[in-house]
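My questions are about this predicted structure, shown below with the sequence.
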Amino acid sequence: MRCPLQDRVNAHVLLMYGSRPLDPETRERLERHMAECEGCREFVSKQRALWAALDAWAPKPVSHDFDTRLYARIAAEQHVPWWKRWAIPRGSFSWRPALSLVAACLTIVAGLLLQPPSVPEVRNRGRMETVDVEQVERVLEDMDMLRQLTLTSYPEAEAPKPL
Amino acid sequence: MTAAVALERDAELMLRVREGDEASFALLLERHRGPVIHFLYRMVQNQAVAEELAQEVFLRVYRSRATYEPTAKFTTWLFRIATHLALNWIRDRKNEKGLESLDEESTEGGPIRQVPDCKPNIEQWMLHDARLEEVRKAIALLPEKQRAAVLMHKYHEMEYAQIAKVLSCSESAVKSLLFRAYETLRARLAHLI
């Protein structure tokens, strides 16, 4: 048998030895090789010691109310109308998408407001300013509606809880 | 129950959930709640976060019930969702300071040490605690995919093929991930082993 440490393709056999059942033929070949290869013997010895060290990391007990909380979330989702479920991202509510949308809207509006007036536009400046103000008002109304929609669907979203 | 029977049972239960059987979902939850949370805990090293992510895993399973098809093992699907959520959480936190544990047991005076009755020797317990901290840090310093592969391989005894499906990579890639991960861990924990 070629040394698994030199033949990386079969190196996993060393990992399996001692942690997983190997087929009898592979096991026998590996043990015959290990009888002559100090490197592989040392590898297996250290790997077993590593696994013993990893075994010390026991998991913590699960909260007694885990299932209760899960079923409460399932029940809460089932009471949300389908169109709201579609409109609001699933999972933990995040303000980031809404903030990004607001920032984008404000940037667009600012760009429109800050455009230098061209000569032909000078005559219609009063009308343009009116149009721009109307656009700003519409954006602000959209933002407010989005906020209202969010608060109505997810009352807990008023106080987003960080993980 | 043999592993093969258990796997068939999982798919059968999930198909019943698809048909509206809530009791079958409860059985699946009972069977897989612990392993999923334990995996997530070792990935993110915070029990509260692990339980939040685990809730999201089972929520997604429940949401997908209408379109569920047993094309893969149920546990593969479950751990794929869990790994995806854990990797996203880890990457989202990478810009935050350190990888220090937000152990909910911590108090202002430091983490609470629970001394079990069977170890009256405080020194032995502190040594055990220090070794455990070393193991946790060593795992936490692994690249995320290596970490996930090691946790699935070591603590959940998954085979290479299943880990490959969870991580959406080839079996040879998994073998390589595991070999490098264990090599790193042996080096980092050399003073303990």
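Alright, I've got the coordinates. Numbers count the residues shown, from 1 in each chain, chains lettered A, B, ... in the order given.

What are the boundaries of the helices in the chain?
Went with chain A since none was named. A:12-16, A:24-34, A:38-55, A:66-78, A:82-87, A:96-113, A:119-122, A:125-153 (DSSP state H).

my bad, the chain I had in mind was chain B
B:3-18, B:22-44, B:47-63, B:74-93, B:122-140, B:144-155, B:160-167, B:171-188.

Need the ones you listed in CSV (columns: distance to chain A and mean pLDDT).
In this view, the C-beta of every residue, glycine as well, is placed from N, C-alpha and C. Output for the helices of chain B, formatted as CSV (distance: least, CB to the nearest CB, whole Å; pLDDT from 0 to 100):
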stretch, distance to chain A, mean pLDDT
helix B:3-18, 12, 83
helix B:22-44, 4, 96
helix B:47-63, 5, 97
helix B:74-93, 7, 95
helix B:122-140, 5, 90
helix B:144-155, 6, 96
helix B:160-167, 7, 96
helix B:171-188, 4, 94
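
Dump the ones you listed to JSON lines, plus mean neighbour count.
Output for these, formatted as JSON lines (neighbours: other CB atoms under 10 Å in any protein chain shown):
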{"stretch": "helix B:3-18", "mean neighbour count": "15"}
{"stretch": "helix B:22-44", "mean neighbour count": "19"}
{"stretch": "helix B:47-63", "mean neighbour count": "21"}
{"stretch": "helix B:74-93", "mean neighbour count": "20"}
{"stretch": "helix B:122-140", "mean neighbour count": "14"}
{"stretch": "helix B:144-155", "mean neighbour count": "22"}
{"stretch": "helix B:160-167", "mean neighbour count": "21"}
{"stretch": "helix B:171-188", "mean neighbour count": "18"}
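
Serialize the ones you listed to CSV and add fields for distance to residue A:54.
As requested, these are arranged in CSV below (distance: least, CB to CB, whole Å):
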stretch, distance to residue A:54
helix B:3-18, 22
helix B:22-44, 10
helix B:47-63, 18
helix B:74-93, 18
helix B:122-140, 6
helix B:144-155, 6
helix B:160-167, 16
helix B:171-188, 8
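
Could you pull up the contacting residues of residue B:82?
Applying CB atoms under 8 Å, 6 or more residues apart in numbering or on different chains, we find residue B:82 in contact with B:36, B:39, B:40, B:43, B:53, B:54, B:57.

before we move on, the earlier item: out of the helices of chain A, which one sits most buried?
helix A:12-16 (a mean of 20; mean count of other CB atoms under 10 Å in any protein chain shown).

helices and strands around that helix, which ones?
Other helices and strands packing on helix A:12-16, by 3 or more CB pairs under 8 Å, 6 or more residues apart in numbering or on different chains; DSSP states H and E, are helix A:24-34, helix A:38-55, helix B:171-188.

which stretch among those comes nearest residue B:21?
helix B:171-188 (34.6 Å; CB to CB).

Residues of chain A that sit close to chain B?
Within chain A, the positions near chain B by CB under 8 Å from any CB of the partner chain are A:8, A:11-12, A:15, A:19-20, A:46-47, A:49-54, A:56-57, A:59-60, A:62-63, A:66-67, A:69-70, A:73-74, A:77, A:90-92, A:163.

if you set the cut-off to 7 Å instead, what comes out?
Residues of chain A lying close to chain B (CB under 7 Å from any CB of the partner chain) are A:11-12, A:15, A:46-47, A:49-51, A:53-54, A:56-57, A:59-60, A:62-63, A:66-67, A:69-70, A:73-74, A:91, A:163.

returning to that earlier point: with respect to residue B:19, which of the helices and strands packed on helix A:12-16 lies nearest?
helix B:171-188 (34.3 Å).

so where is chain A shaky, pLDDT-wise?
For chain A, the stretches flagged by pLDDT under 70 are A:8-9, A:80-99, A:115-133, A:146-163.

would a markdown table of the helices and strands packed on helix A:12-16 with distance to residue B:63 be doable?
Converted to a markdown table, the helices and strands packed on helix A:12-16 look like this (distance: least, CB to CB, whole Å):
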| stretch | distance to residue B:63 |
| --- | --- |
| helix A:24-34 | 43 |
| helix A:38-55 | 34 |
| helix B:171-188 | 29 |
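
Distance of the residue nearest the centre of chain B relative to residue B:73?
Closest residue to the average C-alpha location of chain B: residue B:39 at 1.2 Å, with CA atoms, centre = their mean. Residue B:39 sits 15 Å away from residue B:73, going by CB to CB, to the nearest Å.

same check, this time on residue B:42
Relative to residue B:73, and taking CB to CB, residue B:42 is found at 21 Å.

Over to residue A:114?
For residue A:114, the distance to residue B:73 - CB to CB - is 58 Å.

more crowded one of those two?
residue B:73 (19 against 8; other CB atoms under 10 Å in any protein chain shown).

quick one, phi/psi of that one?
phi -60, psi 150 (degrees, to the nearest 10).

For residue A:36, which of the helices of chain B is the nearest?
Across the helices of chain B, closest to residue A:36 is helix B:171-188 (CB to CB), at 22.0 Å.

contacts for that closest one?
Defining contact as CB atoms under 7 Å, 6 or more residues apart in numbering or on different chains, one finds that helix B:171-188 is touched by A:11-12, A:15, A:46-47, A:50, B:138, B:142, B:145-146, B:149-150, B:153, B:160-161, B:163-164, B:167, B:193.
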